[in-house]
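1. need coordinates for the following:
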Amino acid sequence: MATASLLRQLPKLHTNPLFHHRSPLSNNAAALTTSSLFQHRHFSADAVTKRRNIGISAHIDSGKTTLTERILFYTGRIKSIHDVRGKDGVGAKMDSMDLEREKGITIQSAATFCKWKDANINIIDTPGHVDFTIEVERALRVLDGGILVLCGVSGVQSQSLTVDRQMKRYNVPRLAFVNKLDRQGSNPWKVINDLRNQLKLNACAVQIPIGLEDKHEGVVDLILNKSIKFDGEKGEQIVEGDVPDSMKDLVEEKKLELIERLADVDEEIGELFLMEETPTVEQLKEAIRRQTINCQFVPVFMGSAFKNKGVQPLLYGVVDYLPEPIEKPNYALDTSNNEEPVLVTGKKEDQLLALAFKLEETTFGQLTYMRIYQGTLKKGNQIVNVADGRKVKLARIVRMHSDDMEEIDEAHAGDVVAMFGVDCRSMDTFSEGKTNLVMSSMFVPEPVMSLAVKPVESKMQNQFAKALNKFTKEDPTLRVGVDDETKETVLSGMGELHLEVYIERMKREYNVECISGQPNVNYKETITGSKTTFDWLHKKQTGGSGQYAKVIGYIEPMSEEEIKELGKPNEFVNRCIGTNIPPEYYPSCAKGMDDAMHEGALVGCEVEGVRVVLQDGASHAVDSSDMAFRICMANAIRDTMKKASPSVLEPVMTVEVEIPSEFQGSVTASLSRRMGQIEDSQMNDDGSALKLTAQVPLANMFGYSTELRSLTQGKGEFSMEYFKHTPVPRDRQEELMAKYKQEREAKEAA
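-> Down below sits the predicted model:
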């Protein structure tokens, strides 16, 4: 098909101006007249009010904070614009945070509500840098769409790759916004090529910048063939006009490219393209919307947030192209059927399903943010926490609006609201009655690493306790305990970085400086031999009534299948016949087994995979007691375990490493040095990137993030999750046993 032939058919769109002229505004928000963009929208039948739940993600310093500031200003959320004044400056409502691995912006509330024309938009707090799965799940779970912000000079950077991977993993439709086009060296076409080549996205410009660097004045809308410029002190006055003569050839070229890109993924546009017919404005808009929601197309918007250019058209793009909550499939998990996914209807008439995705401590108590996936929340109604069955009466439902809380009587499927007086943990599901459906997995992996922590000054103890209480409610994988012997507070979590983040958060959010010990890997013990019998007598006479108990039986290893079926790591079986051991002492024998399993004989760690069978025993009419049988049973098991081929188990992690393929050799060698077993290696379609899956002992993973960064020039990324406990090598077991023996001798000498 001849390009000229197609371009001659492109309609003249001067009758559909994007914006109308306005006199200077009385308030700060650019309250523009209804755009022609709104004339071509098609939403689901029950979408009375348009709703968008979006997140804004970017590499550090791509302008996410500045863009968010302008969005809040133009929607009337804030009354004036303050800019980020350098890295240690102050001013922006949502200023950058210190830690690179944490959020690139600070949104004071988890879901900031703003309104653009006839659409309610919730900007949901999305972590820019995430180091553990449960945080990603929490943030991306409640998003229906996102804006990927890219620097017009640097293009796709390392963190852009991470953000893109997260969005793809959770099927989040997104728009792209090429920012900083006023900067020296900006090149939006290079950025779009990066999106296509590095992120493998079907991205195409829906706008062209009018001028770059210091000549950047506005954009040309390719769909409407109109120029848009931004006047006024804060860019709040929109001036629309015809396409400049000098840009007409480029506009024709880029519009054809847009149609070709859409034709690749959209059947309707593809048919028109083959028939050499020109899509109408309505057909183009519908196709962009369809394929953006299907994650098959990424429309690229342009501008400079700092110079107040391009933000309002981007907001129209959010409403035009990102999905209504009901248009994005969401799945609940059926706990009665092995957590099988079940599609949520998203209808307000159906049974309530809501997810508490964020908790915030306020002066009035815990504020719980909730995303409603199905059904209706009504003030005064009772809702049930699916996790523990507790009922909660809804005294107040609020929508966060600026720093105020707007009280509402009810909220429907797709809404994000907040409420006081709901005592729950993060990621709890709420319903109206009994249900087997939950919005997030009930499975919480066991912690694999522990760290002793204490505040530097004793006067910080109250804040320290308050912080730990909040963090454990937020994150179910974080556990807090107290060491029985040293009385130290012990934090347990999913890895080195996980615990480091919480220690840093204590310092920044609660002003609590902490001293932490060396990380400890959570080893376990088991037996690998066959059935081993015991016949143990506990006899102690100290004047008066003594202690007497005798137990006879055997211990044997359990298979992984048996442990899984039983639902607990060890089993106590009572096969006594007769009354040689009086029945009232059976529970004491079971407690004695628990004592022995709590602290094994080899290295003092928890024992798993052992079945204890009690067959017989003896008692004394005067000297036998609950305590005597408990001590007897514990000592019998500890002694017998030494004869049953005991073994120390260490946690092994499934490690996924994503790297550019040129670093394959050095990264594979690095994993091998850490005793890792490569399980899988997958190259992407064009051979530019590689995903390695390996199983590596956790004890060998310390410091790996630093090593991977240095091996891959900062381009590599890894994630790890607990796989299982496996036996340690014999020499390592002997080292651990010798260390445990030394520690015990030192304690006894003290």
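
2. CA atoms for contacts and neighbours, from now on please.
-> Will do.

3. secondary structure class for Val613?
-> strand (DSSP: H, G, I helix; E, B strand; the rest coil).

4. just the element for Ala694, please.
-> strand 689-697 (DSSP states H and E).

5. in the next helix or strand after that strand, what's buried?
-> Moving toward the C-terminus from strand 689-697, the next helix or strand (DSSP H and E) is helix 704-711. By neighbour count with 16 or more other CA atoms under 10 Å, helix 704-711 contains the buried residues 705, 708, 711.

6. could you do stretch 451-462 as well?
-> So for stretch 451-462, counting by 16+ other CA under 10 Å, buried means 451-455, 460.

7. now do stretch 529-543
-> So, applying 16+ other CA under 10 Å, buried residues of stretch 529-543: 532-534, 536-538.

8. next one: stretch 668-683
-> 668, 670-671, 674, 676-678.

9. cool, and stretch 727-744?
-> 727-728, 733, 736-737, 740.

10. count of neighbours near Glu606?
-> 21 (other CA atoms under 10 Å).

11. okay, and the beta partners of the residue lying closest to Arg174 once chain neighbours are set aside?
-> Using CA to CA, 6 or more residues apart in numbering and skipping the chain neighbours, the partner closest in space to Arg174 is Gly146 (4.5 Å). Note on Gly146: beta-bridge partners Gly55, Arg174, judged by DSSP bridges.

12. how many neighbours does Gly146 have?
-> A count of nearby residues for Gly146, using other CA under 10 Å, gives 24.

13. still on that earlier bit, distance to His620, secondary structure and pLDDT added to the buried residues of stretch 529-543, as TSV?
-> Shown next, in TSV, are the buried residues of stretch 529-543 (distance: CA to CA, whole Å; DSSP: H, G, I helix; E, B strand; the rest coil; pLDDT from 0 to 100):
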residue	distance to His620	secondary structure	pLDDT
Thr532	26	strand	92
Thr533	23	strand	93
Phe534	20	strand	93
Trp536	15	strand	92
Leu537	12	strand	93
His538	11	strand	92
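
14. that older thread, ok, the residue nearest to Arg174 - contacts?
-> Residues in contact with Gly146 (CA atoms under 8 Å, 6 or more residues apart in numbering) are 54-57, 172-175, 322.

15. Leu222 versus Val281, what's the distance?
-> Separation of Val281 from Leu222 (CA to CA, to the nearest Å): 10 Å.

16. any common contacting residues for these two?
-> Counting by CA under 8 Å, 6+ apart, nothing touches both Val281 and Leu222.

17. and Thr435, that one's in a strand?
-> No - assessed with three-state DSSP, Thr435 is coil; it does not lie in a strand.

18. got a list of what the residue nearest to it when sequence neighbours are not counted touches?
-> Excluding its sequence neighbours, the residue lying closest to Thr435 (CA to CA, 6+ apart) is Val386, at 7.2 Å. Counting by CA under 8 Å, 6+ apart, Val386 touches 428-431, 434-436, 438.

19. of all those residues, which two lie farthest apart?
-> Asp428 and Lys434 (14.4 Å; CA to CA).

20. now the host helix or strand of Leu451 - C-alpha only, PDB.
-> Using DSSP H and E, Leu451 falls within strand 449-455. What follows is strand 449-455, C-alpha atoms only, in PDB (Å, rounded to 0.1, in the frame of the first residue of the first chain):
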ATOM      1  CA  MET A 449      17.100 -15.700  58.700                       C
ATOM      2  CA  SER A 450      17.300 -14.100  62.100                       C
ATOM      3  CA  LEU A 451      18.900 -11.000  63.500                       C
ATOM      4  CA  ALA A 452      19.300  -9.900  67.100                       C
ATOM      5  CA  VAL A 453      18.300  -6.200  67.400                       C
ATOM      6  CA  LYS A 454      18.100  -3.600  70.200                       C
ATOM      7  CA  PRO A 455      17.700   0.200  70.300                       C
END
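
21. helix or strand next in line after it, which one?
-> helix 461-474.

22. quick one: name whatever helix or strand follows that next one.
-> Toward the C-terminal end, the helix or strand that comes next after helix 461-474 (DSSP H and E) is strand 479-482.

23. so how many other residues sit close to the residue lying closest to Lys393 once chain neighbours are set aside?
-> Nearest residue to Lys393, sequence neighbours excluded (CA to CA, 6+ apart): Gln382, at 4.4 Å. Burial of Gln382 is recorded as 15 neighbouring residues (other CA under 10 Å).

24. do I have it right that Gln382 meets Val422?
-> No - here Gln382 lies out of contact with Val422, judged by CA atoms under 8 Å, at a distance of 10.9 Å.

25. find residues that contact each of the two.
-> Listed as contacting both Gln382 and Val422 by CA under 8 Å, 6+ apart are 392, 394.

26. and the helices in the stretch 51-200 of the chain, which stretches?
-> For the stretch 51-200 of the chain, applying DSSP state H, counting those that start in this stretch gives helices covering 64-74, 133-141, 158-169, 188-197.
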